[in-house]
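Q: attaching a predicted model along with its sequence, questions to come.
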Amino acid sequence: MTFAIQEGVGKSTLSVTAGDSASATKISWTKPANTTIYNLRIKRKDGGSYKTYKDVWNVTTNSYSLTLPVGEYSVYVDAGNGSAYTASNTVTFAVKEFTVGKPTLSVIAGSSKTATKI
């Protein structure tokens with residue numbers, strides 16, 4: 001009988017660029033040694049605790065983007081190699097409501113001989 005020894009998986013460092021309710025939030029992480037796959041765990045604050053919002057299994061890249069509804073979130077990634085997994089740091093962030101900027105109106109007053117420009 002032959003046994004293969006799998007090396008342990010290093011720890012990813014995760015970061016988040018939060019979007020708003022109309023634009024994507026980007027989650028990215030470093031790729032530690034001996035890692036081939038990631039499981040992304042997104043939790044949303046519900047009352048006083050965070051509950052699973054979305055789990056994304058078997059991610060093969062080191063980033064993921066999605067548009068989230070307004071709320072407070074916590075996210076981490078499990079880096080793995082098929083037999084061992086290590087959790088990254090956890091990042092908490094808030095997604096705010098999309099708001100349209102106020103329009104700017106410029107007025108140049110004319111004289112009695114020229115029209116007012118808007």
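A: Nice, I can see it. Numbers count the residues shown, from 1 in each chain.

Q: what helices or strands is the lowest-mean-pLDDT helix or strand in the chain leaning on?
A: Here the helix or strand of the chain ranked lowest by mean pLDDT, DSSP states H and E is strand 85-87, holding a mean of 95. Other helices and strands packing on strand 85-87, by 3 or more Cβ pairs under 8 Å, 6 or more residues apart in numbering; DSSP states H and E, are strand 71-80. For glycine as for every other residue, the C-beta is placed from the backbone atoms N, C-alpha and C.

Q: with only the CA atoms kept, save the helix or strand following the least confident helix or strand of the chain in PDB.
A: Next helix or strand after strand 85-87 toward the C-terminus (DSSP states H and E): strand 91-95. Presented in PDB, the C-alpha positions along strand 91-95 are these (Å, rounded to 0.1, in the frame of the first residue of the first chain):
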ATOM      1  CA  VAL A  91     -13.500  41.000   6.600                       C
ATOM      2  CA  THR A  92     -16.700  42.800   7.500                       C
ATOM      3  CA  PHE A  93     -18.100  45.500   5.400                       C
ATOM      4  CA  ALA A  94     -21.300  47.400   4.600                       C
ATOM      5  CA  VAL A  95     -23.200  47.700   1.300                       C
END
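
Q: strand 91-95 pairs with which strands, and in what direction?
A: strand 71-80 (antiparallel) (DSSP bridges).

Q: in the partner strand, what's buried?
A: Tyr73, Ser74, Val75, Tyr76, Val77, Asp78, Ala79, Gly80 (16 or more other Cβ atoms under 10 Å).

Q: return the member of those residues nearest to Thr90.
A: Tyr76 (4.4 Å; Cβ to Cβ).
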